[in-house]
Each structure stands twice: as C-alpha cells, then as structure tokens.
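K.L.:
The following comprises the amino acid sequence and a computationally predicted model.
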Amino acid sequence: MEEFGWHFRVRDKVIQTENNHDKDVFNGDIGQIARIDPVEREVMVRFDQREVVYAFGELDEVALAYAITIHKSQGSEFAAVVIPLAMQQYLLLQRNLVYTGITGGKKLVVVIGQLRALGMAVKNNRTEQRFSGPVLRRLAVISDR
C-alpha cells in the first residue's frame with residue numbers, strides 16, 4: 001500500500017520518527033510490518049514483542065528503515081553496519097560519528113570510501129553544528145533485523 005509517498009509492504013522495516021505516548025512507541029524504535037489490512041485501513045507493526053496498530057492516516061509517524069543515519073542509530077546495535085566516507089561530506093567527517101557507526105555493528109562493519117576521508121574523520125575530534133539536511137542522510141547504518 002502507498003501512503004505519504006512511501007510504499008509499505010509486509011515485512012518492511014520501519015522506524016518510528018516521533019514519540020507517540022498513546023501507542024507507547026518512541027522516536028528511533030525500529031519494527032517490522034506484520035500485517036496490512038486494506039479493509040480496516042490499518043497497518044500492524046511489530047516492535048520487539050509488541051504489536052502496534054496504525055491507521056493509514058498515522059503512517060506519517062514511521063519511515064522505511066532499511067538504511068538509517070548514524071544519528072538515528074545511536075544507542076542501537078545492528079548485525080551489519082556500512083559506513084560510506086567521502087571527502088565531499090567533509091562536515092560529517094568527525095571521529096564521534098565514525099565511532100558511533102562502528103560500535104553499532106555486532107557481526108560486520110564495512111567502511112567504504114576514501115582512505116583520506118577516514119583519516120580526516122579519525123583526526124577530527126571537534127563536534128561541529130549538526131545539519132539535518134541531505135548531507136547527513138548520506139552516512140547510513142544498514143540493519144538486517
């Protein structure tokens with residue numbers, strides 16, 4: 001089904017993008033679509049052992065989560081992490097972002113890109129102002145859960 005410009009399918013991974021205290025789900029929670037009911041216009045998402053029902057009109061609270069930013073992944077662990085590094089994203093070449101991405105991987109961590117960019121990131125221990133635009137979206141964590 002399609003809603004808010006996203007195509008949702010059963011077994012898609014999704015991330016909650018805002019707190020919803022009524023549903024007891026919070027920004028950054030990752031789940032999987034378990035059922036789509038076009039008659040009732042509802043989607044059921046399984047977060048760990050809980051099932052949460054969303055009306056189609058509430059799906060703007062979730063986004064597909066096959067790849068997410070390091071910022072959104074903080075505090076979580078993933079079986080596999082892929083970190084692309086390039087000089088074009090020099091504002092993001094920071095030691096703390098690379099460290100967060102690497103420590104989030106349980107089984108596999110792949111750093112791909114330019115060796116010069118990795119060197120710059122490792123040497124840069126200054127934290128710059130965060131930008132939430134397209135540049136930040138290029139550093140991603142990929143999950144298989």
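P.N.:
Yes, it's here. Residues are numbered from 1 along each chain as shown.

K.L.:
tell me which element the spatially most central residue of the chain is part of?
P.N.:
Most central in the chain under CA atoms, centre = their mean is residue 68, positioned 2.5 Å from the mean C-alpha point. According to DSSP states H and E, residue 68 maps onto strand 67-69.

K.L.:
How far off centre is that strand?
P.N.:
3 Å (CA atoms, centre = their mean, to the nearest Å).

K.L.:
So in that sheet, which strands flank it, and in what orientation?
P.N.:
With DSSP bridges as the test, strand 67-69 is paired with strand 140-142 (antiparallel).

K.L.:
re the thing from before, write down the beta-bridge partners of the residue nearest to the centre of the chain, one by one.
P.N.:
Listed by DSSP bridges, the beta-bridge partners for residue 68 are residue 141.

K.L.:
go on, residue 25?
P.N.:
Beta bridges link residue 25 to residue 20, judged by DSSP bridges.

K.L.:
ok, residue 103 to residue 123 distance?
P.N.:
Here residue 103 is placed at a distance of 19 Å from residue 123 (CB to CB, to the nearest Å). (Each C-beta comes from the backbone N, C-alpha and C, glycine too.)

K.L.:
What residue spans form the domains of the protein?
P.N.:
Following automatic domain parsing, one finds the domains of the chain at 2-65, 68-142.

K.L.:
now the longest one: mean pLDDT?
P.N.:
For domain 68-142, mean pLDDT is 83.
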